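[1] Predicted model and sequence below, questions to follow.
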Amino acid sequence: MTLRFSVLASGSTGNAVYVETDEQRLLIDAGLSGKKMDELFQAINRNPKELTGILVSHEHSDHIKGVGIFARKHNLPIYANEKTWQAMDGQLGNLSTDQKFIFQTDEVKTFGNLDVESFGVSHDAVEPMFFSFHHEDKKLVLATDMGYVSERIKGTIRGADMFIFESNHDINMLRMGRYPWSIKRRILSDVGHVSNEDAAMALSECIGDKTSRIYLAHLSLDNNMKDLARLSVEQVLKEQGMAVGEQFELYDTDPHQPTALTVVS
């Protein structure tokens, strides 16, 4: 019995993550068009009609753009907390009542042999939450869209075998970039996104003996680059005494191409 995942797409333009066991198949967010979502599933050789359901982290369009059309096309249930459902009202199109399910923040929901633990994050949505996936003795954490990483979140995610973790922006690129100051202020705020350095500092407190891979996610198209994010995170982790490249490896994610389907080990 194994836990596997693929980061289907990650970045400012759209986000989607696929997680499976031998019995369960979950999609977390669908922030791309229905057509693009189908292409991403084809790329990892999986059939969307076999999904157990879609989990929604929050109502921003880069996470829900394709949720409604994808759920209708493949007849899938959708799980979100009550406030997120209210905020999504009118954005997903017509859904039957038997497709709408509540998954509250700070709840553990069991899908067959897969336990999914939700936890709240600090972001400018009504009640954003992300997830920790537990199967047998394996733990996969998905944590993006965070203005900062609270002690409570660190306690929840600590010691995961693998992390999909936000590394949104390089602070200097953001400050010098073309965004208006109001947007820069929002990104830098406690309800915005974490920088490369802040991601690394948080990870340095959460990496455990079993941690083998960290996927840097939700990179800004305008204010970050894959190489810069990876080098920045690696430098801070090494400064914190972490054996990057020995104990664990850093991996990129992409806004258009899925990562290889990976066994959590």
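    Nice, thanks for sending it over. Residues are numbered from 1 along each chain as shown.
[2] Residues in contact with the helix or strand hosting residue 86: which ones?
    Residue 86 belongs to helix 82-88 when assigned by DSSP states H and E. The contact list for helix 82-88, computed with C-beta atoms under 8 Å, 6 or more residues apart in numbering, reads 56, 58-59, 64, 67, 80, 100, 102, 104, 125-129. Backbone N, C-alpha and C define where each C-beta goes, glycine included.
[3] go on, stretch 46-55?
    18, 20, 24-30, 37-38, 41, 67, 70-71, 73-80, 101, 103, 111-112, 116, 131, 261.
[4] Confirm residue 42 sits in a helix?
    Yes: Residue 42 forms part of a helix when assessed by DSSP: H, G, I helix; E, B strand; the rest coil.
[5] Please tell me I have it right and residue 106 contacts residue 119.
    Yes: assessed by C-beta atoms under 8 Å, residue 106 is found in contact with residue 119 at 6.3 Å.
[6] Could you tell me which residues touch both of the two?
    Residues touching both residue 106 and residue 119 (C-beta under 8 Å, 6+ apart) are residue 129.
[7] and those two? which has more neighbours close in?
    residue 119 (19 against 12; other C-beta atoms under 10 Å).
[8] tell me which residues of the helix or strand harbouring the more buried one are tucked away?
    Using DSSP H and E, residue 119 sits within strand 114-120. Residues 114, 116, 117, 118, 119, 120 are the ones in strand 114-120 that count as buried (16 or more other C-beta atoms under 10 Å).
[9] Can you give me the end-to-end span of stretch 253-263?
    16 Å (C-alpha to C-alpha, to the nearest Å).
[10] so what strands line up beside the strand holding residue 119?
    strand 108-111 (antiparallel), strand 129-135 (antiparallel) (DSSP bridges).
[11] Now tabulate those strands in a markdown table and tack on mean pLDDT, distance to residue 156 and mean neighbour count.
    Below are the strands paired with strand 114-120 laid out as a markdown table (pLDDT from 0 to 100; distance: least, C-beta to C-beta, whole Å; neighbours: other C-beta atoms under 10 Å):
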| stretch | mean pLDDT | distance to residue 156 | mean neighbour count |
| --- | --- | --- | --- |
| strand 108-111 | 98 | 11 | 14 |
| strand 129-135 | 98 | 6 | 24 |
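[12] May I see those strands organised as JSON lines, with distance to residue 206 added?
    Formatted as JSON lines, the strands paired with strand 114-120 follow (distance: least, C-beta to C-beta, whole Å):
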{"stretch": "strand 108-111", "distance to residue 206": "19"}
{"stretch": "strand 129-135", "distance to residue 206": "11"}
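[13] related to what we said a few turns ago, pull the CA atoms of the strand holding residue 119 into CSV?
    Provided in CSV are the C-alpha atoms of strand 114-120 (Å, rounded to 0.1, in the frame of the first residue of the first chain):
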residue,chain,number,x,y,z
LEU,A,114,-6.5,7.9,3.5
ASP,A,115,-6.8,10.3,6.4
VAL,A,116,-6.8,14.0,5.4
GLU,A,117,-6.2,16.6,8.2
SER,A,118,-7.1,20.2,7.4
PHE,A,119,-5.5,23.2,9.0
GLY,A,120,-6.2,26.9,8.8
